[in-house]
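Asker: Kindly return the folded structure for what I paste below:
(one chain, ligands or ions: 1)
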Amino acid sequence: MNSLPPISFDNTEVAYQTKSNSELRKTYHLYRLMNQSLLVKLGNAMIQFLMSKNAPIEGLVKNTIFNQFCGGETLEETKILIDNLSKSNIEVLLNYSVEGLEDAESYYLTYQKSLEMIHFAAENPSIRAVCIKFTGYAGIDLWTKVQSKATLSKNEDVEYQQARQYIDHLCAEAVKADVQLFVDAEESWFQDAIDSLVDEMMAKYNKEEAFIFNTYQLYRHDKFEYLKRSAELAKSVGYVLGAKIVRGAYVEKENQYASKTGVPSPINATKELSDIAFDKALVYVVNNLEHISLCCASHNERSNQLLLEEMVKCNIPFNHKHISSSQLLGMSDNITYNLNRIGINTAKYVPFGPVKEVIPYLIRRAQENTSVAGQTSRELRLIEKEIRRRKL
Ligand SMILES: Cc1cc2nc3c(=O)[nH]c(=O)nc-3n(C[C@H](O)[C@H](O)[C@H](O)COP(=O)(O)OP(=O)(O)OC[C@H]3O[C@@H](n4cnc5c(N)ncnc54)[C@H](O)[C@@H]3O)c2cc1C
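Answerer: Numbering: from 1, shown residues only. Model (predicted):
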């Protein structure tokens with residue numbers, strides 16, 4: 001019988017064990033800047049403006065926010081970080097973080113890049129999964145139209161069939177390479193179209209083990225029920241459901257879209273309701289591990305503590321292959337490293353790509369880490385604590 005091991009997410013010595021003093025100071029200065037919401041707003045606007053004018057600011061971005069949240073510009077560059085994480089027994093979810101593509105050539109290039117990542121992951125076993133977005137292979141307008149079940153034009157049908165072929169081939173290659181493929185969740189007006197294709201791929205490729213994972217956004221009030229229905233389907237048809245559970249990244253965008261189009265918002269009315277839904281999903285999955293494989297993708301300490309408690313309660317070995325906890329690179333090392341220390345499978349989500357192309361991702365990270373109502377962010381408080389502990 002498992003017993004609850006002593007663990008504290010406040011243990012900053014463990015959290016920052018791989019950071020030198022100068023790296024810690026650098027991180028501290030960056031988080032201090034990001035803690036100021038006005039500065040983040042102005043900085044984001046300025047970076048976007050200067051980038052659009054082709055001003056040479058890549059160097060500045062790369063040495064600051066890029067290095068904190070991204071693995072590198074290329075796979076070769078990113079390998080250094082992957083190898084360092086692997087020394088601490090931390091796995092990687094690899095993501096080519098280029099967004100907002102709009103033409104056939106770009107979709108083809110994304111497909112090629114995804115294939116390259118899968119083959120790279122096959123040679124680097126500490127890469128647990130390759131993460132993809134279906135909007136990398138066809139446009140948002142097309143996915144939206146597929147979801148609305150409107151008749152596609154001839155050109156649209158060609159684009160859709162091409163995207164399906166890319167995705168099917170990527171899934172097949174992932175299985176061949178023994179690599180997991182995580183499909184990111186996006187906005188609700190085309191997420192159903194993504195969900196049904198991921199379900200189809202899971203039924204086809206997850207017969208023996210979960211290779212293909214869908215992402216379930218529990219900030220949506222319909223997603224816990226959807227997760228349960230998907231799990232029941234997997235059980236009855238005979239495949240393993242791959243479930244990455246998240247709260248979700250697009251609250252503001254979803255609410256704006258709902259008020260603009262006059263449809264009800266799919267987002268829970270309060271943060272507490274999202275927390276409850278997330279935790280219910282977590283407990284449900286941990287209790288159904290024979291036919292579900294879980295990635296708990298969250299920076300929430302309480303939810304990660306609950307994961308641990310539920311595993312103890314159900315007497316599940318900490319290194320069970322159907323359970324992992326994952327945090328974004330550059331955030332919540334206190335969760336990643338402390339869970340890792342007691343033997344839970346942990347992974348960092350590591351995006352890479354040319355500096356200019358990953359700007360939207362970096363802007364989301366800066367916004368996520370800015371101060372709420374003038375309070376010091378959790379991340380900054382932990383770094384300050386470690387700086388005091390080291391007497392720097
Ligand atoms: C490895 C990884 C992969 C991810 N992949 C995806 C993905 O594919 N798609 C995606 O959308 N997200 C994804 N996310 C999640 C997202 O980017 C945020 O990191 C996450 O939602 C932050 O929540 P948290 O669980 O860390 O907890 P917390 O910080 O406790 O919660 C913050 C979250 O609560 C929810 N919330 C906040 N206010 C409200 C409100 N008023 N009403 C309702 N809900 C509210 C929001 O989802 C907000 O992001 C991923 C996260 C990780 C770590």
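
Asker: The helix or strand containing residue 233: what's the following helix or strand?
Answerer: Assigned by DSSP states H and E, residue 233 falls within helix 223-237. The first helix or strand that comes after helix 223-237 along the chain, using DSSP H and E, is strand 241-246.

Asker: Compute the inter-axis angle for that following strand and helix 223-237.
Answerer: Angle of strand 241-246 versus helix 223-237, following axes from the mean of the first three to the mean of the last three CA atoms, to 10 degrees, is 170 degrees.

Asker: Could you list the residues in contact with strand 241-246?
Answerer: Applying CB atoms under 8 Å, 6 or more residues apart in numbering, the external contacts of strand 241-246 come out as 180, 182, 185, 202, 206, 210-218, 227, 230-231, 234, 278, 281-282, 285, 291-298, 326. C-beta: built from backbone N, CA, C; applies to glycine.

Asker: same thing but at 6 Å, please
Answerer: 182, 210, 212-213, 215-217, 230-231, 234, 281, 285, 292-295, 297 (CB atoms under 6 Å, 6 or more residues apart in numbering).

Asker: Same check on stretch 385-392?
Answerer: Here stretch 385-392 has contacts from 12, 16, 21, using CB under 6 Å, 6+ apart.

Asker: Quick check: the last one vs the ligand, distance?
Answerer: The reference is to residue 21. Taking CB to the nearest ligand atom, to the nearest Å as the measure, residue 21 and the ligand are separated by 27 Å.

Asker: any idea what sits nearest that residue, other than its immediate chain neighbours?
Answerer: residue 392 (5.7 Å; CB to CB, 6 or more residues apart in numbering).

Asker: Check the burial of that neighbour by counting its neighbours.
Answerer: 11 (other CB atoms under 10 Å).

Asker: Can you read off the pLDDT for it?
Answerer: We have a pLDDT of 92 for residue 392.

Asker: still on that earlier bit, show me what the helix holding residue 233 is packed against.
Answerer: strand 212-217, strand 241-246, helix 271-286 (3 or more CB pairs under 6 Å, 6 or more residues apart in numbering; DSSP states H and E).

Asker: ok and the first one relative to strand 241-246, angle-wise?
Answerer: Our comparison of strand 212-217 with strand 241-246, counting by the same axes, to 10 degrees, yields an angle of 30 degrees.

Asker: List, one by one, the residues from the protein near the ligand.
Answerer: Contacts of the chain with the ligand, taken as CB under 6 Å from any ligand atom, map to 93, 184-185, 215, 217, 219, 246-251, 267-268, 270-271, 274, 297-300, 326-328, 349.

Asker: Pull out the buried members of the residues you listed.
Answerer: Listed as buried from the residues of the chain next to the ligand are 93, 184-185, 215, 217, 219, 246-251, 267-268, 274, 297-300, 326-328, 349; burial here means 16 or more other CB atoms under 10 Å.

Asker: mind listing which of those residues are in strands?
Answerer: For these, the ones inside strands are 93, 215, 217, 246, 297, 326-328, 349, with DSSP state E as the criterion.
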